[in-house]
Every structure is written in C-alpha cells, then in structure tokens.
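[1] Build the 3D model from these lines:
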Amino acid sequence: MDLQFAFEVNRQTRKNILRTVEGLTEKEINTIPEGFKNNIAWNLGHILVMQQLLFYTMSGNTPVVSQELIEKYKKGNRPTENISIEEFEMIRDKYVSSIDKVEGDYNSGLFSGYKPYQTSYGIYINTIEDVIQFIYAHDALHWGIILSMLKVI
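    Numbering: from 1, shown residues only. The predicted structure follows:
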C-alpha cells in the first residue's frame, strides 16, 4: 500500500496549522477561551504528542519526544501553567520534521507490531497503516479547535 499521499496530507495540515499560529503572542497561545478546556499551545503540543504515542508507543517503540512532553500534552490533560514562547517554538519546530521521521521509520519497517487502539474519535486502529490514514484527521480536528479559539481570544 502506497501511503505517500496520506503523509503529504499530514504534512500540509501541519503547515496550515503553523501558518495559523504564526505571530501569536505568549498571552494568546496561553489563553483558555470561555467554553474551552485548553488553549492553543496545548492543542499544538497535543497534536505532536499523540502522533508520537500512536506511532511509536502503540507499536512498542520509544517516542522521539520526552516523557515530560508526553505527560504534559497527552489526551485527557489540561494546561496547568503557561507555556513559554520557547517551548511553543520547540514544538512548532518539530511539526513537519516529525512527519519526515515517522515516514522514514515506517519505510524502514520500524512499526512492525501494532497494538490495536480505540480512539476517542470512535474508530479502531488496528495497524500502523490505519494510524497513517487517521492521524491527519486528528490533526485537522485540533486545527479546527485552534481556529475556533482564535475567533474568541
């Protein structure tokens, strides 16, 4: 199965997200708008962390981001403190390169044993190919949340 198109869609989604958050202030990325449980910075970190968990952890491999970052942005968590512009930029810097890394690791056969997982999106992921096809929907969902937040902050 050639999944090059799925990787390209994911790359473009990430580039679109980066354009959306370009130039935001520390206050803007940390504001939790009324009716929301998190902020723009948390959504960016969450997108990166979920990619790492879905690809690496669920296939029995070690994520390429820190455990501290994973704990801070994993599903179910909320921001407990402001995120610095430096941390925000570090996350942004990994946005496209992490897709390149995942694609290379996929092509080299790293993700051989995948542990099935039911997403909060309501679907089952049974193979690494399922993740490749799912992850950009996850990213786009959070991009939509970020766009909604920008309308009210």
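[2] And the strands in this structure?
    Along the chain, counting by DSSP state E, strands occupy 117-118, 124-125.
[3] what distance separates the first one from the centre of its chain?
    Distance, stretch centre to chain centre, for strand 117-118: 17 Å (Cα atoms, centre = their mean, to the nearest Å).
[4] Can you show me the helices along the protein?
    Along the chain, counting by DSSP state H, helices occupy 4-21, 26-30, 40-55, 67-73, 85-93, 97-107, 128-152.
[5] quick one, which of those is packed in tightest?
    Comparing the helices of the chain by mean neighbour count (mean count of other Cβ atoms under 10 Å), helix 40-55 ranks first with a mean of 24. For the C-beta atoms, the positions are set from N, CA and C on the backbone; glycine is no exception.
[6] list the helices and strands that one packs on?
    On a contact count with 3 or more Cβ pairs under 8 Å, 6 or more residues apart in numbering; DSSP states H and E, helix 40-55 meets helix 4-21, helix 26-30, helix 67-73, helix 85-93, helix 97-107, helix 128-152.
[7] can you list contacts of the helix or strand of the chain with the lowest mean pLDDT?
    Counting by mean pLDDT, DSSP states H and E, the chain has its least confident helix or strand at strand 117-118, which shows a mean of 91. Identification of contacts with strand 117-118 by Cβ atoms under 8 Å, 6 or more residues apart in numbering yields 54, 58, 124-125.
[8] One more: stretch 57-68?
    The contact list for stretch 57-68, computed with Cβ under 8 Å, 6+ apart, reads 48-49, 52-53, 55-56, 70, 94, 98, 101, 105, 110-115, 117, 125, 128, 131.
[9] Please repeat the previous calculation with a cut-off of 10 Å.
    Stretch 57-68 is contacted by residues 45, 48-49, 51-56, 69-70, 72-74, 90-91, 94, 97-98, 101-102, 105-106, 110-117, 125, 127-128, 131 when judged by Cβ atoms under 10 Å, 6 or more residues apart in numbering.
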